[in-house]
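J.: Give me a 3D structure for the following:
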Amino acid sequence: MFDRILRRAMGVFAMAVLSWPALAEESPISFVSGPLQGAVAENVKHEGETLAHSAFGAVTTDSAVFKSGPMLAWIAWSRLGGHYRWQDNDVRSLSDEVKDIFDATGFTILESDGITVNGYAAQYRKISLIGIDRRCGVFALMRRNHMVQGFACAPAARAFTVQAVMEGISIDGVIGP
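T.: Residues are numbered from 1 along each chain as shown. Prediction:
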């Protein structure tokens with residue numbers, strides 16, 4: 001289930017990166033601080049899916065792409081219906097998806113940790129893509145039935161912290177600094 005949702009969202013991201021020009025759209029997701037502060041949401045998607053086996057009810061996902069200079073980010077906010085909770089995130093798969101999106105030959109994990117960000121349990125990795133000049137932060141923030149996952153990438157020369165990216169995310173009435 002999680003892999004299917006992640007692959008669909010990453011496919012949307014890949015289309016967003018390759019489409020030009022992208023138009024700014026309304027999104028519940030924004031950046032109010034950090035390196036992407038004020039970046040405009042592009043390629044906004046809102047999807048709802050009732051799971052076939054109905055064990056988890058419905059999953060609703062909003063996603064958007066953000067650009068600020070040479071920095072690029074993709075954020076997805078997923079919610080489970082009913083009283084269900086997220087049990088796990090897949091930062092490993094997200095790292096592989098980022099590698100594939102940028103056609104890198106591999107990646108090196110520079111940093112990895114679990115912390116708390118704005119009341120959410122967060123797991124993140126900072127990776128250096130092999131074969132291209134990019135460093136990326138991939139992350140997942142979870143609280144009860146909400147999960148915010150995504151990544152931010154920039155040229156290796158542009159320093160940023162994954163924590164600052166995560167702390168800058170604002171979702172209307174849900175999370176914010």
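
J.: who's in contact with Pro35?
T.: Ser68, Met71, Ala152, Ala154, Phe160, Ala164, Val165, Gly168 (Cβ atoms under 8 Å, 6 or more residues apart in numbering). Heads up, the C-betas are built off the backbone N, CA and C, glycines and all.

J.: which residue sits closest to the residue nearest the centre of the chain in space, ignoring its chain neighbours?
T.: Nearest to the geometric centre of the chain sits Gly150, at 1.2 Å (Cα atoms, centre = their mean). Spatially, and ignoring its direct neighbours in sequence, Gly150 is nearest to Ile75 (3.9 Å; Cβ to Cβ, 6 or more residues apart in numbering).

J.: Please tell me I have it right and the residue nearest to the centre of the chain contacts Trp74.
T.: Yes. Gly150 lies in contact with Trp74 (Cβ atoms under 8 Å); the separation is 5.1 Å.

J.: so where's the protein uncertain?
T.: Across the chain, the ranges flagged by pLDDT under 70 are 1-25, 51-56, 177.

J.: which stretches of it form helices?
T.: For the chain, the helices defined by DSSP state H cover 2-18, 91-101, 162-168.

J.: which stretches of this protein form strands?
T.: Here the chain has its strands, by DSSP state E, at 29-31, 41-50, 58-68, 71-80, 106-117, 120-130, 134-143, 146-155, 169-171.

J.: Identify the residues contacting the fifth one?
T.: The one in question is strand 106-117. Applying Cβ under 8 Å, 6+ apart, the external contacts of strand 106-117 come out as 95, 98-99, 121-131, 135-136, 141, 162-163, 166-167.

J.: picking up where we left off before, next one: the residue nearest to Gly150 from Gly48, what distance?
T.: Computed as Cβ to Cβ, to the nearest Å, the Ile75 to Gly48 distance reads 18 Å.

J.: of these two, who's got more company?
T.: Legend: neighbour count by other Cβ atoms under 10 Å for Ile75 and Gly48, higher for Ile75 (27 against 10).

J.: Wait, the more buried one touches Ser63, no?
T.: Yes. With contact defined as Cβ under 8 Å, Ile75 reaches Ser63; the gap is 6.5 Å.

J.: overlap in contacts of the two?
T.: Counting by Cβ under 8 Å, 6+ apart, the residues touching both Ile75 and Ser63 are Ile29.

J.: okay but Gly48 is in contact with Thr60, surely?
T.: Yes. Using Cβ under 8 Å, Gly48 is in contact with Thr60, at 4.8 Å.
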